[in-house]
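*Asks:* Here is a sequence together with a model predicted from it:
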Amino acid sequence: MLLSWKSRLGFFTLFWLLLSSGAQAKFELRVALKKEVNQVKVGSSTPAIIKDAAGKKLGSLQARESLVALSSGDKISVSRWQATGIIIEPSDNGYVWIGEGWYRGRIRLVLQNKSITAVNLVDIEEYLYSVVGAEAIPSWPIESLKAQAVAARTYALYKSKIAGNRFYDLDASTNSQVYKGLTSEYESTLEAVQKTQDEILTYENKPIMAVFHSSSGGHTENVEDVWSSPLPYLRGVVDYDQKSPVFQWTKTFSFNQLSSFFGGIGQVKKMIPERTTPLGRILSLKIIGNQGNKIIPGQKFREMLGLKSTLFTINQKLNSWEVVGHGYGHGIGLSQWGAYYLSLDGANYQQILSHYYQNAALTTLN
């Protein structure tokens, strides 16, 4: 049916008001909170609707009612309802309980390898309220938090575009970005997200791989020197993290303690860097023992010994091995401590981002 001119005028007036007010369609992320478990606790702070995977209503959930979702192999059971997939939608902007915490958005329970994967369906801006608080320190200057918000928003979009799992885009750990729900939301993180709403970093009109880390130890890395292919926006730059608490660190191991990490080579006699980045980050290390040798990737060595980074040197002492390192993390992209000190010196978030992400453009999410 054709609209009258008054109806059309009303429609276009509403459309213009929506545009001028900055109203945006939501971008919903799929964040895995529990992967392939036999059961998971679920609930809602307000009355909620329970649906199956096709969107058919199965029933209702009372406010603050705690239920346990169970897997029977080919179906998921929640109370008296069973389906191959279940969605829980709270009313009135309520929160959902998944596992051990409260989250914004909705719950989707899916079967994965005959087990349950619990996914939080959440608007990207609301997701960032928690991520910024979990990844950065909420008491930091607002400009550093705004830089973190833009980087995290961009990285989430990047991951959602390349997600290799059909059930979710990201998880809630350091494998993606740390996400804790309401427990890591603060006034400062809400402000940082809201004041950068919809802003992302792009290269050739695509979201960049906006990785970040705690502290580089003085200079960030070219991405290809640590990982794989070169990217024009992940270039090594001078960092400003020299005063950070993780700029330099030391960890000491006894001879027996260190030798226990590397089975089959006996007592460790020497550790020689095999390959390093131009800045000295260790890519592989040769471990020489009195019964054999091993070559260990630098990242694996870091994980085995619980080191903060792969930017380290090793010194043999009288009765121990001493590892002296710099920085915390992979050293690529945004340095969070560097951003902190830049913001203390008066840099705004745009300047911080342009420093750590060379050749990237700050644009608005379309």
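*Replies:* All right, it came through fine.
*Asks:* Just give the nearest non-adjacent residue to Lys317, would you?
*Replies:* Once flanking residues are discounted, Lys317 sits nearest to Thr252: 7.7 Å by C-beta to C-beta, 6 or more residues apart in numbering. From N, CA and C alone the C-beta is placed, and that goes for glycine too.
*Asks:* Near that neighbour, how many other residues are there?
*Replies:* 14 (other C-beta atoms under 10 Å).
*Asks:* which secondary structure elements does whichever strand or helix holds it contact?
*Replies:* Element membership for Thr252 (DSSP states H and E) is strand 248-254. In this structure, strand 248-254 makes packing contacts with strand 320-326, judged by 3 or more C-beta pairs under 8 Å, 6 or more residues apart in numbering; DSSP states H and E.
*Asks:* The strand it packs on pairs with which strands?
*Replies:* Its sheet considered, strand 320-326 pairs with strand 248-254 (antiparallel), strand 312-316 (antiparallel) by DSSP bridges.
*Asks:* okay, those in TSV with distance to Ala54 and mean pLDDT next?
*Replies:* Putting those into TSV (distance: least, C-beta to C-beta, whole Å; pLDDT from 0 to 100) gives the following:
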stretch	distance to Ala54	mean pLDDT
strand 248-254	53	96
strand 312-316	53	95
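*Asks:* Columns distance to Val37 on top of those strands, output as TSV?
*Replies:* Output for the strands paired with strand 320-326, formatted as TSV (distance: least, C-beta to C-beta, whole Å):
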stretch	distance to Val37
strand 248-254	34
strand 312-316	37
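*Asks:* Single out the most deeply packed of these.
*Replies:* Comparing the strands paired with strand 320-326 by mean neighbour count (mean count of other C-beta atoms under 10 Å), strand 312-316 ranks first with a mean of 16.
*Asks:* just the CA coordinates of it, formatted as CSV?
*Replies:* Extracted as CSV, the C-alpha positions of strand 312-316 are listed here (Å, rounded to 0.1, in the frame of the first residue of the first chain):
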residue,chain,number,x,y,z
PHE,A,312,65.2,-12.2,27.5
THR,A,313,68.8,-13.3,28.1
ILE,A,314,70.1,-16.2,30.2
ASN,A,315,72.9,-16.1,32.6
GLN,A,316,74.5,-19.1,34.4
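*Asks:* Quick one: distance of that strand to the chain centre.
*Replies:* Mean-position distance between strand 312-316 and its chain equals 31 Å (C-alpha atoms, centre = their mean, to the nearest Å).
*Asks:* Residues contacting it, please?
*Replies:* 271, 282, 321-326 (C-beta atoms under 8 Å, 6 or more residues apart in numbering).
*Asks:* And those, which is closest to Glu224?
*Replies:* Ile282 (16.3 Å; C-beta to C-beta).
*Asks:* which element is Ala156 on?
*Replies:* helix 142-162.
*Asks:* What's the mean pLDDT across that helix?
*Replies:* Taken as a whole, helix 142-162 has an average pLDDT of 96.
*Asks:* got it, and stretch 348-362?
*Replies:* On average, stretch 348-362 scores 97.
*Asks:* Mind listing residues that contact it?
*Replies:* 143-144, 146-147, 150-151, 196, 199-203, 208, 210, 212, 220, 232-235, 237, 333-335, 338-339, 342-343, 347.
*Asks:* start to end distance for it?
*Replies:* 13 Å (C-alpha to C-alpha, to the nearest Å).
*Asks:* Might you calculate how far that stretch sits from the centre of the chain?
*Replies:* Mean-position distance between stretch 348-362 and its chain equals 19 Å (C-alpha atoms, centre = their mean).
*Asks:* Offset the numbering so it begins at 20, please.
*Replies:* Understood, numbering begins at 20; the last thing we discussed is stretch 367-381.
*Asks:* can you pull the buried residues of it?
*Replies:* 368, 371-376, 379, 381 (16 or more other C-beta atoms under 10 Å).
*Asks:* For those, give me CSV that also has distance to Phe331 and secondary structure.
*Replies:* Rendered in CSV, the data for these read as follows (distance: C-beta to C-beta, whole Å; DSSP: H, G, I helix; E, B strand; the rest coil):
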residue, distance to Phe331, secondary structure
Tyr368, 31, helix
Ile371, 27, helix
Leu372, 29, helix
Ser373, 30, helix
His374, 25, helix
Tyr375, 22, helix
Tyr376, 26, coil
Ala379, 30, coil
Leu381, 34, strand
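*Asks:* Turn those into JSON lines, including distance to Leu52.
*Replies:* Output for the buried residues of stretch 367-381, formatted as JSON lines (distance: C-beta to C-beta, whole Å):
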{"residue": "Tyr368", "distance to Leu52": "29"}
{"residue": "Ile371", "distance to Leu52": "30"}
{"residue": "Leu372", "distance to Leu52": "29"}
{"residue": "Ser373", "distance to Leu52": "34"}
{"residue": "His374", "distance to Leu52": "34"}
{"residue": "Tyr375", "distance to Leu52": "29"}
{"residue": "Tyr376", "distance to Leu52": "29"}
{"residue": "Ala379", "distance to Leu52": "30"}
{"residue": "Leu381", "distance to Leu52": "30"}
